[in-house]
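Visitor: Okay, here's the prediction I keep looking at, along with the sequence it came from:
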Amino acid sequence: MTTRLLIFTGLLFTAGGAFAQTGDIYAGAAFQYNEIQQTGSARFRGLGGNHASLGGDGSSVFGNPAGLGFYNRSELSISPLLTNNSVQSTYLGTQRSDNASKLGVGQLSLILAGGGNNNRRWRRTTFGVSYNQNINYNNGFTFQGENRRSSFLTGVVNDANSRNVTGSQIDREYDSGTNQATDLLAAAYQLYLIDGTPFTTTQGDEDSRAPYTSFDLNNARTQINTFESSGSQSQWTFAYAGNLDDKLYIGVNVGLSRLRYNSDNVLTENVLNGRVFGSYSLRDRLNVRGNGLNVSLGAIYKLSPSLQIGATVATPTFLSVTETFNQGLSLRDVVDPKLSNVLKTDNVDVVPNDFDYNVTGPLRASGGATVFLGSGKIGFLTASAEYVGYAGMRVSTSGGDSQSNSAFRTEVRNAVQNTYQNVINFRAGAEIRAGQFRIRGGAAYLPDAYVDRLDNIDRSRLLLSGGLGFRNSRFFADVAGTYNTFKSAYTPYTLPNQSDYGSAQLTNNVTNVTLSVGTFF
């Protein structure tokens, strides 16, 4: 079983590097697939993302399915979503800013309300289906700085020397017909980025062996890293709910998840006063596809006309994932003309690596309460708490023999438990009514899920939201905005000694604007 050697990175920019451990890589992947921050219609987003004790909204299909029991007529709605992400980076003392926007569909829902029967305790049932974009991976940033401590080639040199292989052995790991190497070391060797002898000596000589080095390795260099990602984790949900005595509302849903993620990372080094190389790049591309399943149960109970409580329990999402990892090296500027004469190519790709595995996400449970003001004619206050069991995430594969599969599963489990902790997210919101108009505000606090503060960064999030709404007997329209700022880190590569490499410190400012429009029928 082979695995990629790039830490899984994306919207949240979990720190990692080109030589991270397999357990850390896939622990990070499991977290990235499952860190849901805020979902729903503009109405629920404006209230801070509260789902636990509110109903009568298309978001109930995904959030608390018991909320469908409040419907006495059918509804069709759609919620376009505009996401803007601004990133400020600091790397080796150099600052830079980037900005990216993306328009998509945040939610689409159809609610089919059954006929009421006031002569029975079981008053009505409702069926709902919805599409929700749970996580948006569209993002991009660039950071750069002058590095006087190391190069990403330092790790490749260390790898070559630790293997104690000859040049001819490395050379056999390259196929000139396809221009592909079996690993990064063999690719670097073909481009003379790694060599134990001067480039005037024929590569592949049996006498060429460790210690290997790289030309101008001790020179300072300007490092420029550009990262782009796209895709989403979305879900089609089917829900059914019932209403008992207009007091107890019970619902169940089944979610079919879909994962689409693509990333492209290019790390370029411009060697200052280089004698042989002026510039070269390492490119990493990751393509991920997956499908999953989860089930949720929910209940809402009216304690009085002015107070209702609710709770949900959701199973982990069970994802089946296929990923393809591509890596390649390219020369951008060759200074020494002697090297130009012996080079057969200026770029070499590593053979693509396909890997299939399964992810078990965290268990989720939430509870909350809603207080209606003036029996709901003035508005309401709502709050909820959500438990997310990140420490229980698991990753497994069946791609190798039983011993290696068991070792992989154990390694990832240990990495998850050493890296992530269970959290309780808090949300609160309020709505004020003025005739057919609504004014909403909300907030959500999502604690840091990391056991230790990597790079001394607190990754907790505070989401502030607000919105307006209008509804009459046939139509409704809501708009909401959510602002989210948080800090993170990105490490382009790692080395045994932490003082030999650096991390980019990132400040992320994310703004989501959601418009929901719908009709009753």
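Guide: Cool, got the structure.
Visitor: and residue 76, how many neighbours does it have?
Guide: Per other Cβ atoms under 10 Å, the neighbour tally for residue 76 reads 15. (C-beta placed from N, C-alpha, C; glycine too.)
Visitor: where's it, which helix or strand?
Guide: Assigning secondary structure by DSSP states H and E places residue 76 in strand 75-91.
Visitor: Centre of the chain to that strand, how far?
Guide: Computed by Cα atoms, centre = their mean, to the nearest Å, the chain-centroid distance of strand 75-91 equals 14 Å.
Visitor: Next, the buried residues of it.
Guide: Neighbour counts over strand 75-91 (16 or more other Cβ atoms under 10 Å) mark 75, 77-81, 83, 85-91 as buried.
Visitor: Out of those, which comes closest to residue 60?
Guide: residue 75 (10.6 Å; Cβ to Cβ).
Visitor: And the closest one, how close does it get to residue 436?
Guide: 17 Å (Cβ to Cβ, to the nearest Å).
Visitor: Give me the helices and strands touching the strand holding residue 76, please.
Guide: Here strand 75-91 is seen to pack against strand 94-113, strand 122-136, strand 139-147, strand 504-520 when contacts are counted using 3 or more Cβ pairs under 8 Å, 6 or more residues apart in numbering; DSSP states H and E.
Visitor: Those: which one's closest to residue 237?
Guide: Nearest to residue 237, of the helices and strands packed on strand 75-91 and by Cβ to Cβ, is strand 122-136 at 5.2 Å.
Visitor: which helix of this protein spans the most residues?
Guide: helix 402-419 (DSSP state H).
Visitor: elements contacting that helix?
Guide: So helix 402-419, by 3+ Cβ pairs under 8 Å, 6+ apart, packs with helix 22-34, strand 394-396.
Visitor: What are the buried residues along that helix?
Guide: Those would be 405, 408, 409, 411, 412, 413, 415, 416, 419, for helix 402-419 by 16+ other Cβ under 10 Å.
Visitor: circling back: what about the helices and strands packed on strand 75-91, which gets the closest to residue 360?
Guide: Nearest of these (Cβ to Cβ): strand 122-136, 16.5 Å.
Visitor: and that closest one, what's its mean pLDDT?
Guide: Across strand 122-136, pLDDT averages out at 93.
Visitor: Relative to that strand, what are the paired strands and their orientations?
Guide: Sheet neighbours of strand 122-136, with direction, are listed as strand 94-113 (antiparallel), strand 221-244 (antiparallel) (DSSP bridges).
Visitor: what comes into contact with the helix or strand that the longest helix of the chain is followed by?
Guide: Beyond helix 402-419 on the C-terminal side, the first helix or strand identified by DSSP H and E is strand 423-434. Here strand 423-434 makes contact (Cβ atoms under 8 Å, 6 or more residues apart in numbering) with 46-50, 368, 376-388, 390, 438-449, 465.
Visitor: Now that we have those residues, which of them are buried?
Guide: Buried subset of these (neighbour count, 16+ other Cβ under 10 Å): 46-50, 368, 379-380, 382-384, 386, 388, 390, 438, 440-444, 446-449, 465.
Visitor: Could you give the bridge partners of residue 85?
Guide: According to DSSP bridges, beta-bridge pairing links residue 85 with residue 100, residue 510.
Visitor: ok, now which ones touch the closest residue to residue 293 other than its chain neighbours?
Guide: Distances taken as Cβ to Cβ, 6 or more residues apart in numbering put residue 318 closest to residue 293, at 5.4 Å, once the chain neighbours are dropped. Contact analysis of residue 318 by Cβ under 8 Å, 6+ apart lists 292, 293, 294, 358, 359, 360, 361.
Visitor: Report the contact partners of residue 163.
Guide: Here residue 163 is in contact with 185, 210 (criterion: Cβ under 8 Å, 6+ apart).
Visitor: what's it sitting at in phi/psi?
Guide: Dihedral angles of residue 163 (phi, psi; degrees, to the nearest 10) stand at phi -80, psi -30.
Visitor: Distance check, it against residue 335.
Guide: Distance, residue 163 to residue 335, using Cβ to Cβ: 29 Å.
Visitor: now do residue 363
Guide: In terms of Cβ to Cβ, residue 363 sits 57 Å off from residue 335.
Visitor: what do you get for residue 504?
Guide: 28 Å.
Visitor: And for residue 128?
Guide: Residue 128 is 65 Å from residue 335, by Cβ to Cβ.
Visitor: So those two - more neighbours on which side?
Guide: residue 128 (27 against 16).
Visitor: any idea which helix or strand comes after the helix or strand of the chain with the lowest mean pLDDT?
Guide: Of all the helices and strands that make up the chain, helix 337-342 has the lowest average by mean pLDDT, DSSP states H and E, namely a mean of 85. Going down the chain from helix 337-342, the next helix or strand is strand 347-360, by DSSP H and E.
Visitor: Parallel or antiparallel, list what pairs with that next one.
Guide: For strand 347-360, pairing defined by DSSP bridges yields strand 180-181 (parallel), strand 318-334 (antiparallel), strand 394-396 (antiparallel).
Visitor: What lies in contact with the first one?
Guide: Contacting residues not belonging to strand 180-181 are listed as 173, 174, 175, 187, 189, 190, 348, 349, 350, 351 [Cβ under 8 Å, 6+ apart].
Visitor: How far away from the center of its chain is it?
Guide: Centroid displacement of strand 180-181 relative to its chain, using Cα atoms, centre = their mean, is 30 Å.
Visitor: could you give the mean pLDDT of that strand?
Guide: 96.
Visitor: Show the subsequent helix or strand relative to it.
Guide: Downstream of strand 180-181 (by DSSP H and E), the next one is helix 184-190.
Visitor: what's that following helix packed up against?
Guide: Going by 3+ Cβ pairs under 8 Å, 6+ apart, helix 184-190 lies up against helix 152-163, helix 167-171, strand 174-175, strand 180-181, strand 318-334, strand 347-360.
Visitor: rerun that using 7 Å as the cut-off
Guide: helix 152-163, helix 167-171, strand 318-334, strand 347-360 (3 or more Cβ pairs under 7 Å, 6 or more residues apart in numbering; DSSP states H and E).
Visitor: All set now, cheers.
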